[in-house]
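> Sharing a model prediction with you, sequence too.
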Amino acid sequence: MSNHSWKLDGEKVISSQQATVVWEDDRFFTIKHKNQIFHGELMDEQLENRMIRLKVNHREFVVSKDGPLDKLIEELGLNKVKVRKLKQLKSPMPGRIVSLAIQVGDEVEVGSELLTLEAMKMENVLKSEGVGTVKSIEAQAGDVVDKGAVLISFE
């Protein structure tokens, strides 16, 4: 019996045990494994990505098949998400600083709220596009800033 490498909800699973799948139609199926019966439904399929989303006994799973290219990409370390190290946050538009969500010394991650900038009577929440530690804050709540002004420096 050969082992097959799959990913179930993003976690690698090695399967060497046999299961029987019986398709009732193009959407519903039954799995028999170790004398147990599981009822399933195909929720979504992305065949170009070798990925399907299934509902089995009222639980949803994302299942994907590893291929030779996936193994090579993993061995080369190219599957790691690259995160940008922040240096500065510049104002994307002229406006007034409404509030700051960070302090000097805070560590920020991708998506961390940094500050709120009011421009054209709209409040815009500026979020981190990388990681870093707040080194200095160049603008305070109430300050009016120009486009391109440095608002926060990171180390």
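Thanks, I have the structure now.
> The most centrally placed residue in the chain and residue 50: what is the separation?
Residue closest to the average C-alpha location in the chain (C-alpha atoms, centre = their mean): residue 81, at 9.6 Å. To residue 50, residue 81 is 20 Å away according to C-beta to C-beta, to the nearest Å. Backbone N, C-alpha and C define where each C-beta goes, glycine included.
> now residue 119: how far from residue 48?
In terms of C-beta to C-beta, residue 119 sits 40 Å off from residue 48.
> Neighbour count: these two, which is higher?
Using other C-beta atoms under 10 Å as the criterion, residue 119 and residue 48 rank with residue 119 on top: 15 against 6.
> what bridges to that one?
Beta-bridge partners recorded for residue 119 (DSSP bridges): residue 122.
> that older thread, for the residue nearest to the centre of the chain, pull up the helix or strand it's in.
Under DSSP states H and E, no helix or strand contains residue 81.
> separation between it and residue 136?
With distances taken as C-beta to C-beta, residue 81 is found 28 Å from residue 136.
> what helix or strand does the closest residue in space to residue 125 that isn't next to it in sequence sit in?
Nearest residue to residue 125, sequence neighbours excluded (C-beta to C-beta, 6 or more residues apart in numbering): residue 116, at 5.4 Å. Per DSSP H and E, residue 116 falls inside strand 113-119.
> in that strand, what's buried?
Under the neighbour-count criterion of 16 or more other C-beta atoms under 10 Å, strand 113-119 has 114, 115, 116, 117 buried.
> No further queries at this time; thank you.
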